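Provide a 3D model corresponding to the input given below.
(one chain, ligands or ions: 2)
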Amino acid sequence: MEKILITGSTGMLGRYVCQFAMEAGLNIFTPKRDQFDISNSSLMESYIDNLQPTAILHLAAETNVDLCERDPRHAGLYNHIATETIARKARQYNAWMLYISTSNVFGAEGKPYYNELDIPHSVNYYGRSKFHGENALRTWCGRNSMVIRAGWMIGGGVQHDHKFVGKIVQQVRDGVSDIRSVTDKYGTITNALKLARFIVRSLEERRLGTYHYTSSGLVNRFEIAREIAEVLSFKGTVSPVVSAEFPLSAPRPSFEGIESIYLPNEDSEWKPRYWREDLREYLKEFSDRD
Ligand SMILES: NC(=O)C1=CN([C@@H]2O[C@H](COP(=O)(O)OP(=O)(O)OC[C@H]3O[C@@H](n4cnc5c(N)ncnc54)[C@H](OP(=O)(O)O)[C@@H]3O)[C@@H](O)[C@H]2O)C=CC1
Ligand SMILES: Cc1cn([C@H]2C[C@H](O)[C@@H](COP(=O)(O)OP(=O)(O)O[C@H]3O[C@@H](C)C(=O)[C@@H](O)[C@H]3O)O2)c(=O)[nH]c1=O
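Ligands and ions are numbered 1, 2, ... in the order given. Now for the predicted structure:
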């Protein structure tokens, strides 16, 4: 019988994945931190030994990019070593394993877009720790695993969006008069709900290899903020600024757009579209509530 372990089930992405996996009638196991702490190898090992999963969706991670920069040891433990521990166990039980990585593995070359043939070179420790996680997976279960790299993730809605869109929506709701947003950081966005559909489909198909999954179109943070302001009928102004006005511990690449040369070319509900369309789809979660 199929037994699917999902780590990070309470996160921005994990909630949607659990929702779709349950709708598909899959037998999922979603341990919380006290049962499955990614900083505690022996706890993870004994949980997996007990469960003996047939598949593992490893979504848990340290997603605080600035914390990773200030504490590379923490980044390594959470994003690299934890993945290696889980991947070793996946191999032991011959379980198919999925790992979610990030466009942050790229950026040092300064190219606008990166595809699956490009060799990662990150500008920060979060990106490096995620890339080492990818490689641990490839080393231990390369023949039975999948890596999906996502771009700037949009998802979680009012309660669980702790990233850029959530922060801008919060400012709109707080009624600030001016939202400042950076024009010199470009990337591609990933609608978490649609990615979750693709993950569940990939699980069912036991897809293998590395894939980039993002909406099309390179966009900067300012353009996203302006779009949010328009959709939510924001009364104030959105001002373009340079990133030097937002001092952060971790450098962000000027360009971290990713695109896919391998994603199946089929028209389906998981298929990413142009960034504006996927962003507007997500923003309904906010506008529908008021
Ligand atoms: N957000 C983004 O913009 C992007 C994210 N990604 C990747 O996608 C994946 C999912 O990210 P996202 O959903 O945004 O992440 P979130 O930050 O929303 O959620 C992180 C998840 O990991 C869990 N977690 C954190 N620390 C531990 C721990 N010590 N032990 C057990 N569980 C822990 C959290 O549990 P708890 O609820 O207990 O905190 C939560 O379920 C990650 O691998 C991330 O690197 C890739 C590209 C972009
Ligand atoms: C709050 C705020 C931020 N910003 C800018 C500054 C900075 O460039 C950026 C920070 O937004 P975030 O916190 O969403 O960005 P960040 O933490 O860099 O997001 C990253 O998270 C990890 C998990 C990933 O995997 C990456 O792909 C990426 O999504 O937004 C503004 O321009 N205006 C604002 O009001």
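
For ligand 2, tell me whether the helix or strand of the chain with the lowest mean pLDDT is touching it.
The helix or strand of the chain with the poorest confidence is helix 157-160; it has a mean of 90 (mean pLDDT, DSSP states H and E). No: applying Cβ under 6 Å from any ligand atom, one finds helix 157-160 separated from ligand 2 by no less than 13.4 Å. (Glycine included, C-beta is placed from N, CA and C.)

Give me the contact list for that helix.
11-12, 15, 166, 169, 285-286, 289 (Cβ atoms under 8 Å, 6 or more residues apart in numbering).

Contacts (any at all) between ligand 1 and that helix?
No: Helix 157-160 stays clear of ligand 1 (Cβ under 6 Å from any ligand atom), getting no nearer than 6.5 Å.

can you pull the buried residues of that helix?
By neighbour count with 16 or more other Cβ atoms under 10 Å, helix 157-160 contains the buried residues 157, 160.

how distant is stretch 260-270 from the center of its chain?
18 Å (Cα atoms, centre = their mean, to the nearest Å).

what does stretch 5-16 give?
On Cα atoms, centre = their mean, the centre of stretch 5-16 falls 11 Å from that of its chain.

Please determine whether it lies in contact with ligand 1.
Yes: among the residues of stretch 5-16, 8-14 lie within reach of ligand 1 under Cβ under 6 Å from any ligand atom.

For Leu248, grab the count of nearby residues.
Look at Leu248: counted by other Cβ atoms under 10 Å, it has 11 neighbours.

Leaving out sequence neighbours, find the closest residue to it.
Asp66 (5.4 Å; Cβ to Cβ, 6 or more residues apart in numbering).

For Gly76, state which of the contacts of helix 157-160 is nearest.
Gly11 (19.8 Å; Cβ to Cβ).

re earlier: now list the buried members of the residues of stretch 5-16 next to ligand 1.
Counted by 16+ other Cβ under 10 Å, the residues of stretch 5-16 next to ligand 1 give 8-9, 11-14 as buried.

And the host helix or strand of Ile168, how far out from the chain middle?
Here Ile168, judged by DSSP states H and E, is contained in helix 164-174. With Cα atoms, centre = their mean as the basis, helix 164-174 stands 19 Å off its chain's centre.
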